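Undergrad: Starting from these lines, generate the structure:
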Amino acid sequence: MACMAVTYAQDKYGEAIADYQQMHKNGLVTEMHIDTSEVKFFPVNRSLIITATIELLKDEPVFNMITSSGKTKEAVKFAIIRFTYQSHNYELTAYQLLALQKSKEYADYFFIPFKDAGTDRETYHGGRYLDFAGADIKEGKLTLDFNKAYNPNCAYTTGYNCPLPPAGNRLAFVVNAGVMKFEGH
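TA: Numbering: from 1, shown residues only. The predicted structure follows:
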């Protein structure tokens, strides 16, 4: 019976990720009117669902985050995210864009822009993102589900100013989860 419960839980997770991927593709069709048949995802990688500790930052100064177009967006450092993967310790910084922080709908949203050892070969050269809401933080912990890593809009078409991952947000391992490099241009 326990074996059936594990299989059921795995199937539910797989279904949830499939729904997430389809929602991502639907958003690209709606927002950018692109053919998403070439938007591909890595197979689900459960080893890249990681519980991290989160240290919220206070009174961080506003800075200009560089974007893919060379322009900047005002941002603040939101938190330091620490986790262990394959016996190595890692740290990423989460950010809030001021434009979103000032909106009622997205005031508690933050994101982690990152690059990894597979960036440019297997994934978009400008990096990928993970998005969160304040409610995702539970008792000082945050679940990093790299299966939900996605490309910013500038990976698919021109005309966007997508924040680039700062130098400190580069992981030394390949994140073979989430969306892959878009080859549909």
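
Undergrad: any weak-confidence spans in this structure?
TA: Applying pLDDT under 70 to the chain flags residues 1-10, 185.

Undergrad: And the strands in it?
TA: 49-56, 63-66, 72-85, 88-97, 109-114, 128-133, 141-145 (DSSP state E).

Undergrad: Looking at those strands, which is nearest to T30?
TA: For T30, the closest of the strands of the chain is strand 128-133, at 17.1 Å, according to C-beta to C-beta. (C-beta placed from N, C-alpha, C; glycine too.)

Undergrad: Check the offset of that closest one from the chain's centre.
TA: The chain centroid and the centroid of strand 128-133 are separated by 4 Å under C-alpha atoms, centre = their mean, to the nearest Å.

Undergrad: Buried residues, that strand. List them.
TA: R128, Y129, L130, F132 (16 or more other C-beta atoms under 10 Å).

Undergrad: what sits against the most centrally placed residue in the chain?
TA: By C-alpha atoms, centre = their mean, the chain has its centre lying nearest to L130, at 1.7 Å. Going by C-beta atoms under 8 Å, 6 or more residues apart in numbering, L130 touches F111, I112, F114, L144, D145, F146, K148, A149, Y150.

Undergrad: separation between the fourth one and N161?
TA: When you say that, I think you mean L144. With distances taken as C-beta to C-beta, to the nearest Å, L144 is found 25 Å from N161.

Undergrad: With the last one instead?
TA: Distance check for Y150 against N161: by C-beta to C-beta, it reads 17 Å.

Undergrad: what's the answer for the second one, then?
TA: Between I112 and N161 the distance, using C-beta to C-beta, works out to 18 Å.

Undergrad: Counting neighbours around each, name which of the two comes out higher.
TA: Set side by side, I112 and N161 show more neighbours around I112, with 23 against 17, by other C-beta atoms under 10 Å.
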